[in-house]
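Trainee: Any chance you can model this:
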Amino acid sequence: MTSTDLEGTLRESHGEMYSWAVTCCRGDYGEAEELLQETYLRVLDGRLSFRGDSSFKTWLFAVLRRAALDRRRRVAARLALLGRWVRPAVARPGRQEQHAIADEQAQKIRALLASVSARQRQVLELVFYHELALREAAEVMGVSIGTASRHYHRGKRVLLAKLEEAGLER
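Mentor: Next up is the predicted model:
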């Protein structure tokens, strides 16, 4: 893939990548922006290269997930060395308002989605919001297809019950 093709592909998929980065950064928009910028730079300068073992989208989702996990580990290690445990910083004031979902029902669904387990939420977001196949979601998450399938089906069941409880349509 040429650098021009790569830049075009990154531009085309930026919206989805940003949304996934926000998920990986636990809703911290500022951290998601930094994560994306670092990842894009590493892809464009060749430190990260796409081998073609999966789709580019699946590969980049997995790269973002691993980078977010690595970032959290580094922060936790730094804090441990300092002898302090501090909750992660929240997004800067005004950031969330800029990125708020306009539709009230979509906000309620997102809130309900946030109440399921982390693995269930990740697989559901990858499949429903980012239109990945279950096999691709498993790749992104670094788990077997069986594990992803189990979390997917359990997550759907839990989310459906919560939707019905909240009085929202399917």
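Trainee: just how off-centre is the longest helix that the chain contains within its chain?
Mentor: When the chain is parsed with DSSP state H, its longest helix is helix 56-82. Chain-centre distance of helix 56-82: 11 Å, with Cα atoms, centre = their mean, to the nearest Å.
Trainee: Please point out which parts of that helix sit buried.
Mentor: Buried residues in helix 56-82, counted by 16 or more other Cβ atoms under 10 Å: 56-65, 67-68, 71. Yep, even glycine has a C-beta here, placed from its N, CA and C like the rest.
Trainee: And the lowest mean pLDDT element among the helices and strands of this protein?
Mentor: helix 95-98 (a mean of 46; mean pLDDT, DSSP states H and E).
Trainee: Domain ranges for the chain, per the record?
Mentor: According to automatic domain parsing, the chain comprises the domains 1-97, 101-170.
Trainee: For the last one, the averaged confidence score.
Mentor: In other words, domain 101-170. What domain 101-170 shows for mean pLDDT is 84.
Trainee: Could you list the residues in contact with stretch 131-146?
Mentor: Identification of contacts with stretch 131-146 by Cβ atoms under 8 Å, 6 or more residues apart in numbering yields 54-55, 57-58, 61-62, 65-66, 119, 122-123, 126-127, 147-149, 151-152.
Trainee: Ends of that stretch, what's the gap?
Mentor: Across stretch 131-146, the terminal residues are separated by 19 Å (Cα to Cα, to the nearest Å).
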